[in-house]
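> Got a sequence here, can you model it:
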Amino acid sequence: MSEDLKGKVALITGANKGIGYEIARQLGSRSATVLVGARDIKRGEEAANKLRLNEIDARSVQLDVTDQKTIDSAAKQIESEFGKLDILVNNAGIASDGDAYGGKLRLPPSQVDIETLRHTYETNVFGVFAIIKTLLPLLKKSTAGRIVNLSSGLGSLTQNSDPNYEFANAKSLAYNSSKTAVNAITVLLAAELKDTSIKVNAADPGFTATDLNQHQGYRTVEQGAIPTGGYAGAAVRLATLPDDGSSGGFFDEDGVVPW
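Prediction:
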C-alpha cells in the first residue's frame, strides 16, 4: 500500500457504492483516511467495513446533500475528529429525468416537469454548493485542499451543441443542465480561491456503469475513478494534484473537456 496520502483526510459524498466507493478505495489505498458519505448510515457503515477489510482507514459519515442538518453534523464530526479536511469529492448525484445517456425514460427537454428539474438541482447543484460552503472552512485549514466536483461530458455546452458528439442524442434537460451548473460553480469558486492553496476542478468519469444509467456504461467504476491514459484528469488524479496543478478546469482521461 502506498503511503503518499498518509495524514490526509478525504470526504467522498455518495461513497457507499459505484464511482464514489471506488474513489474512496483508491484514495484509501494510498493511506488517506477516507470518510464514506452516505444518506443511509447502515449502507455507509457496510461500505466502510468493506474498505477496512482491505486495511483502509475508513469511517462512515451520515450525509444527505439535500439536508443541511446532516451536512452541519458531518462538518462538526470532521472538525472534532481531524480539525481539517484535505480532500472533498462531490460525487453524489441523480438523473431524475431518466437515464442521462439516452435510456427509455428520457424525455424531450420541453416535456420535463418543473418538479423534476427542481429535484435534480436539489442534489446535483444546490447539494454540491451546500457541501462546499459548509466544509470550506475545514478545507482552508489544510495545507493543500482539493475539491473535485463530479461532472459529466453531458454538461458541456460545446459537446451538447455538436451533432457529431458521441452522446448527441442524450438531451436530458435536468441532468445535463445540472452538470453545466456544476461546471460554473467550479470555475467561480476556483477564481475566488486562486490565491489560496485550494484547487477546485470538475471531473468527467465518462460513461461508467453505475446505478445512474442502469449499469449500461462501458467503463468500469475503476476506470471512472482514475483513467489509465492521457492526462489522467478524473477524480483521483484531481484529488491528489501537486501544488503546481491546475485549478478551475474540466478534465477527463484525454485532457481538457470543453465547456
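> From residue 109, how far off is the residue most central in space within the chain?
For the chain, the residue sitting closest to the mean C-alpha position, by CA atoms, centre = their mean, is residue 91 at 2.6 Å. Going from residue 91 to residue 109 by CB to CB, to the nearest Å gives 26 Å. Placement of C-beta: from N, CA and C, glycine included.
> re earlier: ok now do the spatially closest residue to the residue nearest to the centre of the chain that is not a sequence neighbour, which residues does it touch?
In space, and not counting its chain neighbours, residue 91 is closest to residue 20: 4.0 Å by CB to CB, 6 or more residues apart in numbering. Residues in contact with residue 20, defined by CB atoms under 8 Å, 6 or more residues apart in numbering, are 12, 13, 14, 37, 89, 91, 92.
> run the last query once more with 6 Å
Shown in contact with residue 20 (CB atoms under 6 Å, 6 or more residues apart in numbering): 12, 14, 91.
> Kindly report the same for residue 119.
Contacts of residue 119 were listed using CB under 6 Å, 6+ apart, and they are residue 96.
> tell me which residues of the biggest helix by length in the chain are tucked away?
Longest helix of the chain, by residue count under DSSP state H: helix 173-192. Using 16 or more other CB atoms under 10 Å as the burial criterion, the residues of helix 173-192 that qualify are 173-183, 185-187, 189-190.
> Nearest spatial neighbour of residue 144, chain-adjacent residues omitted?
Nearest one to residue 144, counting by CB to CB, 6+ apart, is residue 197 at 5.3 Å.
> quick one: the strands in the chain?
9-12, 33-38, 58-62, 87-90, 146-150, 199-203, 250-252, 255-256 (DSSP state E).
> ok now the fifth one, how far from the chain's centre?
Its chain's average C-alpha position is 6 Å from that of strand 146-150, according to CA atoms, centre = their mean, to the nearest Å.
> so for that strand, what's the average pLDDT?
Average pLDDT, strand 146-150: 98.
> tilt between that strand and strand 199-203?
20 degrees (axes from the mean of the first three to the mean of the last three CA atoms, to 10 degrees).
> Can you list the low-confidence ranges for the stretch 1-150 of the chain?
Applying pLDDT under 70 to the stretch 1-150 of the chain picks out residues 1-2, 98-105.
> what ranges do the helices span in it?
18-28, 41-52, 68-81, 114-121, 127-139 (DSSP state H, counting those that start in this stretch).
> Only the buried residues of the first one, if you could.
Read it as helix 18-28. So, applying 16+ other CB under 10 Å, buried residues of helix 18-28: 18, 19, 20, 21, 22, 23, 24, 25, 26, 27, 28.
> can you tell me which of those lies nearest to residue 163?
Comparing the buried residues of helix 18-28 against residue 163 with CB to CB picks out residue 19 as the nearest, at 28.6 Å.
> Pull up the gap between that closest one and residue 119, please.
Distance of residue 19 to residue 119, given as CB to CB: 21 Å.
> What of residue 60?
25 Å.
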